[in-house]
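Asks: Quick one, fold the following:
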Amino acid sequence: MMGPVKAIEFRRHAEREKDADALSPEGRSHAEDVGRSLSTDFAVVFVSPARRAAETVAWFLRGSGQQLPQHTVVRGLLSEEEDRWRSAGKAAGSSRVDAIAAEAPDLVERESNRLKAVVEGLFDRVPEDGAALAVGHSPLIEAAVYGLTGVVIEPLSECQGVAVARYGPGEYRLREIRDL
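Replies: Modelled structure (predicted):
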């Protein structure tokens, strides 16, 4: 028997200013445009501590016309190993999780498991039959999907995402959000 469905729409932050943790003018415009296409009223919003992620949420909601719902900054949506992710991706010639795993299997295993636990905790905070928005970073979103489901998704571009629905313990369905 299937229990209540909970959904989280994970989105990568919009385009940032070069060498700054802030959105560029193009990023603000892009996020507002994407917000106009959001069809869900989110019960809760989760955001990484990065300023660019919080700004993306603000512009998404501005575009959608939705007021800011209950929201939480989630430290776990960032990685303490950002430099290692970057160097492994560069060495692999790709930001795909499986390519990075070929270069740094311990990093991907550890971080995917950590992110799985973070995301499962987020699902516990979504109301029954409710939806949430989470804005974070690539390849961490992809690593979270991999940790939850074992599925490797293509790297996300700015504002792209993946909707993850939880139907029960360990039972997830994915829908990639690519058309922007």
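
Asks: Report the secondary structure state of Y172.
Replies: strand (DSSP: H, G, I helix; E, B strand; the rest coil).

Asks: Helices of the chain, residue ranges please.
Replies: All helices of the chain, identified by DSSP state H, fall at 25-37, 51-64, 82-92, 97-103, 105-124, 140-149.

Asks: Any idea which of the ones you listed gets closest to R75?
Replies: Taking Cβ to Cβ, helix 105-124 is the member of the helices of the chain nearest to R75, at 8.9 Å. Where C-beta positions appear, they are placed from N, C-alpha and C, glycine not excepted.

Asks: which of the residues in the closest one are buried?
Replies: L107, V108, E111, S112, R114, L115, K116, V118, V119, E120, L122, F123 (16 or more other Cβ atoms under 10 Å).

Asks: ok, the second one - contacts?
Replies: What it means is V108. V97, I100, A101, A143, Y146 (Cβ atoms under 8 Å, 6 or more residues apart in numbering).

Asks: Could I get the residues you listed in TSV, plus columns for distance to T72, neighbour count and pLDDT?
Replies: Formatted as TSV, the contacts of V108 follow (distance: Cβ to Cβ, whole Å; neighbours: other Cβ atoms under 10 Å; pLDDT from 0 to 100):
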residue	distance to T72	neighbour count	pLDDT
V97	25	27	97
I100	28	27	97
A101	29	19	97
A143	20	27	97
Y146	23	24	97
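
Asks: for L78, what are its contacts?
Replies: Taking Cβ under 8 Å, 6+ apart, we find L78 in contact with S48, P49, A50, G136, H137, L140.

Asks: I should have written L38 there, sorry.
Replies: The contact partners of L38, by Cβ under 8 Å, 6+ apart, come to F60, G63, S64, Q66, L133.

Asks: Go again with 7 Å.
Replies: F60, S64 (Cβ atoms under 7 Å, 6 or more residues apart in numbering).

Asks: got it, and I177?
Replies: Neighbours of I177 in contact, by Cβ under 7 Å, 6+ apart: Q160, G161, V162, A163.

Asks: Tell me how many other residues surround the spatially closest residue to P139 that is not a sequence neighbour.
Replies: Excluding the flanking residues, the one nearest P139 by Cβ to Cβ, 6 or more residues apart in numbering is S95, at 5.0 Å. The tally of other residues near S95 (other Cβ atoms under 10 Å) stands at 18.

Asks: what are the bridge partners for the most centrally placed residue in the chain, then?
Replies: Centroid-nearest residue in the chain: F10, 3.5 Å away (criterion: Cα atoms, centre = their mean). On the basis of DSSP bridges, F10 is bridged to A134, V162.

Asks: ok, back up a step: may I see the helices of the chain arranged in JSON lines, with distance to K18 as well?
Replies: Formatted as JSON lines, the helices of the chain follow (distance: least, Cβ to Cβ, whole Å):
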{"stretch": "helix 25-37", "distance to K18": "11"}
{"stretch": "helix 51-64", "distance to K18": "12"}
{"stretch": "helix 82-92", "distance to K18": "15"}
{"stretch": "helix 97-103", "distance to K18": "24"}
{"stretch": "helix 105-124", "distance to K18": "26"}
{"stretch": "helix 140-149", "distance to K18": "21"}
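
Asks: Thanks a lot, see you next time.
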